[in-house]
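Colleague: The following comprises the amino acid sequence and a computationally predicted model.
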Amino acid sequence: MVGNWKIKLRPIISILLLIVFLIVAVTGIGLAQAPSGKIAHATAWTFLGMDKPTLESAHTLSGIAMIVLVVVHLAINLDMLVNELKVLTRK
Ligand code: HEM
C-alpha cells in the first residue's frame, strides 16, 4: 500500500501527457487552418465544432498543461534518462 501511488503516478502522468498532447496537436492544426479573426467571426467558422476563440483558449490552456506535465514526466523519469545518456556516451 505504502508507495503504491508512486508506482501509479508514472503511468498516470504518461497517459495524461499523451491525451493533452493530442489536444494541443489537434487544436494547433485547427489554428493553422483558421482564417483571420474577422473572417472567422463573419463566416461563423468552426473546427470540430469549436469557434476560433474557443480553439485558441483550448490550445493555450492545453499547451500550458502540457508544459507542466512534461516537467513532471522528465522529473520522475530522470534516472532512466540519465542511464540512456550514459549508454549513448559510453565508449
Ligand atoms: C503539437 C504542438 C503544437 C502545435 C502544432 C501548435 C500550433 C499552433 C498554431 C498553428 C498556432 C496559430 C499560430 C497563428 O497565429 O497562426 C498556435 C498558437 C499558439 N500556441 Fe501552439 N502549437 C503547439 C504547441 C503549443 C504549446 C506546447 C503551447 C504552450 C503553451 C502553445 C501555445 C500557443 C499559444 C499561446 C498560441 C496563440 C493562441 C492565440 O492566438 O491566442 N502551443 N499554435
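Modeller: Looks like it arrived, so ask away. None of the values given here were measured: they were computed from a predicted structure. Numbering: from 1, shown residues only.

Colleague: Any figure for the gap between the residue nearest to the spatial centre of the chain and the ligand?
Modeller: By CA atoms, centre = their mean, the mean C-alpha position of the chain lies nearest to residue 21, the distance being 3.0 Å. Going from residue 21 to the ligand by CB to the nearest ligand atom, to the nearest Å gives 7 Å. Every C-beta, even on glycine, is put in place using the N, C-alpha and C of the backbone.

Colleague: Please identify the residues of the protein in proximity to the ligand?
Modeller: 24, 25, 28, 31, 32, 56, 59, 60, 63, 64, 66, 67 (CB under 6 Å from any ligand atom).

Colleague: Which of the residues you listed are buried? Put it as a PyMOL command.
Modeller: Those of these that count as buried under 16 or more other CB atoms under 10 Å are selected in PyMOL with:
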select buried, resi 24+56+59+66
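
Colleague: mind putting the residues of the chain next to the ligand in JSON lines, secondary structure and pLDDT included?
Modeller: Output for these, formatted as JSON lines (DSSP: H, G, I helix; E, B strand; the rest coil; pLDDT from 0 to 100):
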{"residue": "24", "secondary structure": "helix", "pLDDT": "98"}
{"residue": "25", "secondary structure": "helix", "pLDDT": "98"}
{"residue": "28", "secondary structure": "helix", "pLDDT": "98"}
{"residue": "31", "secondary structure": "helix", "pLDDT": "98"}
{"residue": "32", "secondary structure": "helix", "pLDDT": "98"}
{"residue": "56", "secondary structure": "helix", "pLDDT": "98"}
{"residue": "59", "secondary structure": "helix", "pLDDT": "98"}
{"residue": "60", "secondary structure": "helix", "pLDDT": "98"}
{"residue": "63", "secondary structure": "helix", "pLDDT": "98"}
{"residue": "64", "secondary structure": "helix", "pLDDT": "98"}
{"residue": "66", "secondary structure": "helix", "pLDDT": "98"}
{"residue": "67", "secondary structure": "helix", "pLDDT": "98"}
